[in-house]
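>>> Provided below are the primary sequence and the corresponding predicted coordinates.
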Amino acid sequence: MARADGTDDGVGNAGGYGTGTYTGVYAGDSDARLTELLRADTATAYLGLQELRARHRPSVLAYARLCAPSESTARQLAAQAFTLAARETARGTDPGVPWRHRLLLLTGRVAASWAVDERSAGLDPGLLLVLNTALPDGPPPPLLAPFQSLPSRAQGLIWYGVVEGEPTDRTAGYLGLTREDVTYGTDQALQAMAQACLRARLAASDDPRCGDFRRLIEEAVRPDTPRESPDLHAHMAHCAHCTTAYEELTSLRDTPGTVLAEGLLPWAGTAYGAREAVGQATGPGGGSRRAGRRSGGASRETGIRSGGGSHTGAGIWPPSRRLALASAALGVAVAPLLILLLTQGSGSPARESAGAATSTPPSPPRVTVTATPSPPPSPSPSPSATSKSPSPTRSSPLPKPTKSAHPSPSRTTPPPPPPPTPGSASAQVVNLASGRCLDVDGDLKNGTDVVTAPCTASWTQRWRVDADRGVVQSSADSDFCLDSRGDVDKGVGIWECDSLDGSHGENLRFTVDSDGVIRPAIAIETAVTPDGSDGGDGVSLVALSGGAGQRWRAGTS
């Protein structure tokens, strides 16, 4: 139901578009046409804004709910985003990206403006933490620059067709294209995005050799016949730019919707991209806008498209990838039948293997998966061995956290869990790329440098994360904390933690991400990184790259 201010009550949309019955005078016009209407006379601009609300408000409100848990606050956030969009467009500002994407970015901007006053109480605590340590308008989405370098048509095909999973007809209507344009153009747009990301990553590198590895990176991420290059892997071992380019292209190939949602939104992109279809807008023709993405037959995430018409030109991802994906899907469907057939034999190895893989084996297993096997007798058992780590190497001084707990030696060992990140327990902070530990280079006093050094038993290499205060505290002397020195060019040191409440307290605040990246509050888009220049052992604050050199794990506690 529409209200006097043009918003709706959350059940439908102004004009009823949310139920598929919208009859606005501009319902069939493209987003580009609506931009022109917003710059026309007042009456026409109002109708254009009504159509924009009807078309995009459900998605904007869904994103606003991720930024503000309160329903009323989320509605205010969404309403202000539309008001700001109309004002800027009327003044001649071009959206620059597809309209819905533009509205989501403006929602983030409005939230950033709230973070500096009493309205901050209505924002999500996690978002508020990010906004308080980021740029004035919030953190810039990492893939926004490559995305904006694409033609507007490619941007629209990617955003509506891949990220949002809109039906083909509606995507065509939003962009002023034909159904065939969408069907045949989306794959090309994705390849163009991958090329733009690759160019941006290589251009950001100061190493002139990176450009020579462009073709090798493209070949390495081909889905059907990847061509691995020892030279490329040797180069990526010390080049964060090429490593990030390789990882981005791999992710864009495998899960484009998830990667693009996270990379093109300043906050909660993954949650927005994965939101359920329930309550999402539906349009003419019925059905959820995300039905094509969530059903097995037309999954954009796997690159399989209904309606055929794949792009057959040269590119990063050839169309032969579809055969491999279809074969994988068939294998998943046949696997349960195969297990059933294998269990029909009596006393055969196949029966035992199948029984081990099911939750109800035909005969009681000797050991359950939750039981803790007793270690074999040994004349000199290791005092550090525990029942959860039955390692055959009894001389190992510490339990191995990645060791499989399953007692059967014939079972395939599952992949090891990710390394533990620095946390509240006192532990070494070990760099994933170099294996060196974060250490204090000298006396424990204000201003002493923090460096990386070979890991030893020294207490100056032990740290703990106080998440409540947002500091990384030295275990050698809890009075000292990691210090960013208020600048990205001055290295990292230690300073008295008591200064946290002073005028330079932000210098002591750090965020430790779930992947082990340690980011300073004074420049949240940078990370604590070993300084490998000239063979030095210092530590610097370097722009986020996603490489292993910026990730740290908790070592011996």
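Received the coordinates, thanks. Everything numeric in this text was worked out from a predicted model, so none of it was measured. Numbering: from 1, shown residues only.
>>> Would you map the helices across the stretch 51-200 of the chain?
In the stretch 51-200 of the chain, the helices defined using DSSP state H, counting those that start in this stretch lie at 71-90, 99-114, 125-132, 144-148, 152-156, 168-175, 179-203.
>>> out of those helices, which comes closest to Val517?
helix 125-132 (13.6 Å; Cβ to Cβ). In short, each C-beta sits where N, CA and C put it, glycine included.
>>> Which residues does that closest one contact?
With Cβ atoms under 8 Å, 6 or more residues apart in numbering as the test, helix 125-132 has contacts from 67, 111-112, 115, 120, 123, 138-139, 267-268, 511, 521, 524.
>>> What confidence value was assigned to Thr456?
Listed pLDDT for Thr456 reads 91.
>>> meant to ask about Thr225
Per the predicted model, pLDDT is 83 at Thr225.
>>> thinking again about what came up before, out of the helices of the stretch 51-200 of the chain, which is the most enclosed?
Most buried of the helices of the stretch 51-200 of the chain, by mean neighbour count (mean count of other Cβ atoms under 10 Å): helix 99-114, with a mean of 24.
>>> Now that one - C-alpha only, PDB.
The C-alpha coordinates for helix 99-114 follow below in PDB (Å, rounded to 0.1, in the frame of the first residue of the first chain):
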ATOM      1  CA  TRP A  99      20.400   1.800 -10.700                       C
ATOM      2  CA  ARG A 100      19.800  -0.900  -8.100                       C
ATOM      3  CA  HIS A 101      23.500  -1.100  -7.400                       C
ATOM      4  CA  ARG A 102      23.600   2.600  -7.200                       C
ATOM      5  CA  LEU A 103      20.900   2.600  -4.600                       C
ATOM      6  CA  LEU A 104      22.600   0.000  -2.500                       C
ATOM      7  CA  LEU A 105      25.800   2.100  -2.500                       C
ATOM      8  CA  LEU A 106      23.900   5.100  -1.500                       C
ATOM      9  CA  THR A 107      22.400   3.100   1.400                       C
ATOM     10  CA  GLY A 108      25.900   2.500   2.600                       C
ATOM     11  CA  ARG A 109      26.700   6.200   2.300                       C
ATOM     12  CA  VAL A 110      23.700   7.100   4.300                       C
ATOM     13  CA  ALA A 111      24.700   4.600   7.000                       C
ATOM     14  CA  ALA A 112      28.200   6.200   7.000                       C
ATOM     15  CA  SER A 113      26.600   9.600   7.700                       C
ATOM     16  CA  TRP A 114      24.600   8.100  10.600                       C
END
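>>> Who are the packing partners of that helix?
Here helix 99-114 touches helix 31-38, helix 42-67, helix 71-90, helix 125-132, going by 3 or more Cβ pairs under 8 Å, 6 or more residues apart in numbering; DSSP states H and E.
>>> Tell me what angle it forms with helix 168-175.
Helix 99-114 and helix 168-175 are oriented at 70 degrees to each other (axes from the mean of the first three to the mean of the last three Cα atoms, to 10 degrees).
>>> Minimum distance to Leu444: which of the helices of the stretch 51-200 of the chain has it?
Using Cβ to Cβ, the helices of the stretch 51-200 of the chain put helix 125-132 closest to Leu444, at 28.8 Å.
>>> does Ala527 count as helix, strand or coil?
Following DSSP: H, G, I helix; E, B strand; the rest coil, we place Ala527 in the strand state.
>>> Leaving out sequence neighbours, find the closest residue to it.
Leaving aside its chain neighbours, Ala527 sits nearest to Gln550 (4.2 Å; criterion: Cβ to Cβ, 6 or more residues apart in numbering).
>>> what's the neighbour count on the residue nearest to Leu444 when sequence neighbours are not counted?
Spatially, and ignoring its direct neighbours in sequence, Leu444 is nearest to Asp477 (4.6 Å; Cβ to Cβ, 6+ apart). Around Asp477 there are 15 other residues, counting by other Cβ atoms under 10 Å.
>>> now Asp477: how far from Gly138?
Distance from Asp477 to Gly138, counting by Cβ to Cβ, to the nearest Å: 36 Å.
>>> what does Pro256 give?
Distance, Pro256 to Gly138, using Cβ to Cβ: 24 Å.
>>> which one of the helices and strands packed on helix 99-114 lies closest to Thr183?
For Thr183, the closest of the helices and strands packed on helix 99-114 is helix 31-38, at 19.3 Å, according to Cβ to Cβ.
>>> Identify each buried residue in the closest one, please.
Within helix 31-38, the residues that count as buried by 16 or more other Cβ atoms under 10 Å are 31, 34-35, 37-38.
>>> Need the residues that contact that helix.
The contact list for helix 31-38, computed with Cβ under 8 Å, 6+ apart, reads 26, 29, 44-45, 47-49, 51-52, 86, 89-90, 94-95, 98-99, 152, 156, 174-176.
>>> Go again with 7 Å.
26, 44-45, 47-49, 51-52, 86, 89-90, 95, 98-99, 174-176 (Cβ atoms under 7 Å, 6 or more residues apart in numbering).
>>> Could you do stretch 546-555 as well?
Outside stretch 546-555, the residues that touch it by Cβ under 7 Å, 6+ apart are 240, 243-244, 247, 419-423, 427-433, 437, 455, 515-518, 527, 529-530, 544.
>>> Select from those every entry located in strands.
When the contacts of stretch 546-555 are checked against strands (DSSP state E), the matches are 427-431, 437, 518, 527, 529-530.
>>> circling back: quick one: the helices and strands packed on helix 99-114 as CSV, columns for distance to Asp443 and mean pLDDT too.
Putting the helices and strands packed on helix 99-114 into CSV (distance: least, Cβ to Cβ, whole Å; pLDDT from 0 to 100) gives the following:
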stretch, distance to Asp443, mean pLDDT
helix 31-38, 62, 88
helix 42-67, 45, 88
helix 71-90, 50, 88
helix 125-132, 33, 87
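>>> Take the ones you listed and write them to a markdown table, including distance to Val221.
Shown next, in a markdown table, are the helices and strands packed on helix 99-114 (distance: least, Cβ to Cβ, whole Å):
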| stretch | distance to Val221 |
| --- | --- |
| helix 31-38 | 32 |
| helix 42-67 | 30 |
| helix 71-90 | 36 |
| helix 125-132 | 30 |
